[in-house]
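Colleague: With the sequence up front, the predicted model follows.
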Amino acid sequence: GQNIDQPTEMTATEGAIVQINCTYQTSGFNGLFWYQQHAGEAPTFLSYNVLDGLEEKGRFSSFLSRSKGYSYLLLKELQMKDSASYLCAAFSGGYQKVTFGTGTKLQVIP
Amino acid sequence: DVKVTQSSRYLVKRTGEKVFLECVQDMDHENMFWYRQDPGLGLRLIYFSYDVKMKEKGDIPEGYSVSREKKERFSLILESASTNQTSMYLCASSSDNSPLHFGNGTRLTVT
């Protein structure tokens, strides 16, 4: 089966750093995505980890540990526009099945 | 830029109606997906397809069917709509081992 866990809500201050954690248990795991979703909009792709380690993309970084079934998304220099839901998704199996967590709603406050 | 287009942004249907949700992608992607998104439940996979005429059940296929007659088009069918199928439906496409690209979603209300 597939199980992906992430916190439901987080609050952080503008200019600060926030880390959003994700743990997963999936059979045939191939890799992990992070998506951002603003209210009423479609998810947009942020990052992708296949191998262990850190992937950095500007203010956003994502980390994966395959042995621990654990990932995190790190957002630096938070801006008000970063208020959104952040979705962790694992893809697995030979047929590219992608399963999402329920998302973490991040509120950035002044 | 990848474009995934869903035919309707908002749809209102009556209980028992047959409903078609259409999705077209323009990037020659092999894989296409249908999800529904509900508050507190996140994105749940209904069906996906990895090739023309091929389909695989996702986590919640009951009450739905799909059709993929052409590579660029993936249709979701509700044979007999019910009120518990009121939801936001999101279509996505991808090539192998690459991120999903989503359409803008169809908000379906079944009354």
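Modeller: Arrived safely, thanks for sending.

Colleague: what sits against residue 77?
Modeller: All of this is about chain A. With contacts defined as Cβ atoms under 8 Å, 6 or more residues apart in numbering or on different chains, the neighbours of A:Glu77 are A:15, A:17, A:59. The way it works is simple: take the backbone N, C-alpha and C, and place the C-beta from them, glycine included.

Colleague: Can you look at chain B instead?
Modeller: Neighbours of B:Ile77 in contact, by Cβ under 8 Å, 6+ apart: B:18-21, B:64-67.

Colleague: try it again with 10 Å
Modeller: Under the criterion of Cβ atoms under 10 Å, 6 or more residues apart in numbering or on different chains, the contact list for B:Ile77 reads B:18-21, B:34, B:47, B:63-67.

Colleague: where exactly do the strands run in the chain?
Modeller: You didn't say which chain, so I picked chain A. Assigned by DSSP state E, the strands in chain A fall at A:2-5, A:9-13, A:18-26, A:29-37, A:44-49, A:53-57, A:60-65, A:70-75, A:84-92, A:97-100, A:104-109.

Colleague: let's do chain B instead
Modeller: B:4-6, B:10-13, B:19-25, B:31-38, B:42-49, B:56-57, B:64-70, B:73-78, B:87-94, B:101-102, B:106-110.

Colleague: could the ones you listed be laid out in a markdown table, adding mean pLDDT?
Modeller: Rendered in a markdown table, the data for those read as follows (pLDDT from 0 to 100):
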| stretch | mean pLDDT |
| --- | --- |
| strand B:4-6 | 96 |
| strand B:10-13 | 96 |
| strand B:19-25 | 97 |
| strand B:31-38 | 95 |
| strand B:42-49 | 93 |
| strand B:56-57 | 92 |
| strand B:64-70 | 97 |
| strand B:73-78 | 97 |
| strand B:87-94 | 96 |
| strand B:101-102 | 94 |
| strand B:106-110 | 97 |
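
Colleague: Export the ones you listed to TSV and append columns for distance to A:Lys105.
Modeller: Rendered in TSV, the data for the strands of chain B read as follows (distance: least, Cβ to Cβ, whole Å):
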stretch	distance to A:Lys105
strand B:4-6	24
strand B:10-13	24
strand B:19-25	26
strand B:31-38	13
strand B:42-49	11
strand B:56-57	29
strand B:64-70	27
strand B:73-78	27
strand B:87-94	16
strand B:101-102	18
strand B:106-110	19
